[in-house]
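Visitor: got a structure for you, letters missing:
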């Protein structure tokens, strides 16, 4: 199957979103003709510097304390209400009809493995993909290991990403009152993320590593990338492909003055998703006293060398911060970006906006008659 045939389309995402809202819709059939929907079990690799709790249950296997870097694989059940994938090739995912019916996304298994086994499983997945790519997702504030794994799986499932998905989970406390603690832990985890990305890059089977971070997770990703840029290995190819910063909880002025000039020196394309309707980032502004990078109130940041995408008109309050997994229009745009490596100028999911400071793009709200 060609890459173009597997690309995500706006109409596909709309159809999927409708299925999520109304259940497994189908044409009228007799009871005998209907087949029970099949849940999808997605296997995702992980790296985490959370400490083990001693519990064996998947949902409590890792806690919020700091630990050494662990590797492993976990399984997440996507319920049938998500609907059938527009892409019929689910060879990357283990479809099982004997899995108990899931009413919600569930973390089912967590299996720690040694680094050589991790790299071996990564190799197996890489070899199945035309692009031989991997995608690393870094979660944000107030996320448990369970939350991180499920969010990563939901994202790659909705994007129809066909490479090797990996979640990097840092020791967030998973509590709304632990913002300060999380802000400290993300700094502590940054060297581990940098070391992990270096390991992936040196793994010869991977040709492209896409990097996606959400909210506070952007702090570690941006700092880790800047460190990698500052100390490049001239004997190795720069393998990091699309770098996607979603609703970043980073001081906007510090990013524009100190971080962006260093970040844009890499060979990666940097895409920044922002919104003027992001309530958690407004709360972060109140705590930190200064606007956040992902907050587009007053206008989105226009930064040379970075593609800024304003999603304000394409989201609801529900998806005000987690629009990467809740807004069909945003999912469609990210699909073209990551799966097809399309530049913003070539994506029909966005419109360009020219300003005196430069240009940015707006995600087009999807209408019911979009085809």
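Guide: Sure, I can see it. Computed from a prediction, not measured in an experiment: that's the story for all the values here. Residues are numbered from 1 along each chain as shown.

Visitor: if I pick residue 274, what's in contact with it?
Guide: Applying Cβ atoms under 8 Å, 6 or more residues apart in numbering to residue 274 gives the contacts 247, 293-296, 300-301, 308-312. (Each C-beta comes from the backbone N, C-alpha and C, glycine too.)

Visitor: Could you measure from the nearest residue to residue 361 once chain neighbours are set aside over to residue 308?
Guide: Spatial nearest neighbour of residue 361, chain neighbours left out: residue 350 (4.0 Å); criterion: Cβ to Cβ, 6 or more residues apart in numbering. Using Cβ to Cβ, to the nearest Å, residue 350 is found at 11 Å from residue 308.

Visitor: Find residues that contact each of these two.
Guide: residue 361.

Visitor: can you tell me the helix or strand for residue 285?
Guide: Take DSSP states H and E as the rule and residue 285 turns out to sit in helix 279-288.

Visitor: what does residue 155 give?
Guide: Per DSSP H and E, the secondary structure element for residue 155 is helix 145-159.

Visitor: Dump the contacts of residue 274 to TSV, plus neighbour count.
Guide: Formatted as TSV, the contacts of residue 274 follow (neighbours: other Cβ atoms under 10 Å):
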residue	neighbour count
247	29
293	28
294	27
295	23
296	25
300	25
301	24
308	23
309	26
310	22
311	31
312	18
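
Visitor: can these go into CSV with extra columns for secondary structure, distance to residue 330 and pLDDT?
Guide: Formatted as CSV, the contacts of residue 274 follow (DSSP: H, G, I helix; E, B strand; the rest coil; distance: Cβ to Cβ, whole Å; pLDDT from 0 to 100):
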residue, secondary structure, distance to residue 330, pLDDT
247, coil, 10, 98
293, coil, 17, 98
294, coil, 13, 98
295, strand, 16, 97
296, coil, 13, 97
300, coil, 14, 97
301, coil, 18, 97
308, strand, 14, 98
309, strand, 8, 98
310, strand, 11, 98
311, coil, 5, 97
312, helix, 11, 96
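
Visitor: could you dump those to a markdown table with distance to residue 206?
Guide: Conversion of these to a markdown table gives the following (distance: Cβ to Cβ, whole Å):
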| residue | distance to residue 206 |
| --- | --- |
| 247 | 27 |
| 293 | 28 |
| 294 | 28 |
| 295 | 34 |
| 296 | 34 |
| 300 | 32 |
| 301 | 31 |
| 308 | 28 |
| 309 | 26 |
| 310 | 32 |
| 311 | 29 |
| 312 | 35 |
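
Visitor: I'd like to know which of these is nearest to residue 230.
Guide: Nearest to residue 230 among these: residue 293, at 20.5 Å, using Cβ to Cβ.

Visitor: Show me what whichever strand or helix holds residue 69 is packed up against.
Guide: Using DSSP H and E, residue 69 sits in strand 62-78. Helices and strands touching strand 62-78, by 3 or more Cβ pairs under 8 Å, 6 or more residues apart in numbering; DSSP states H and E, are strand 40-52, strand 106-113, helix 115-126, helix 145-159, helix 179-202.
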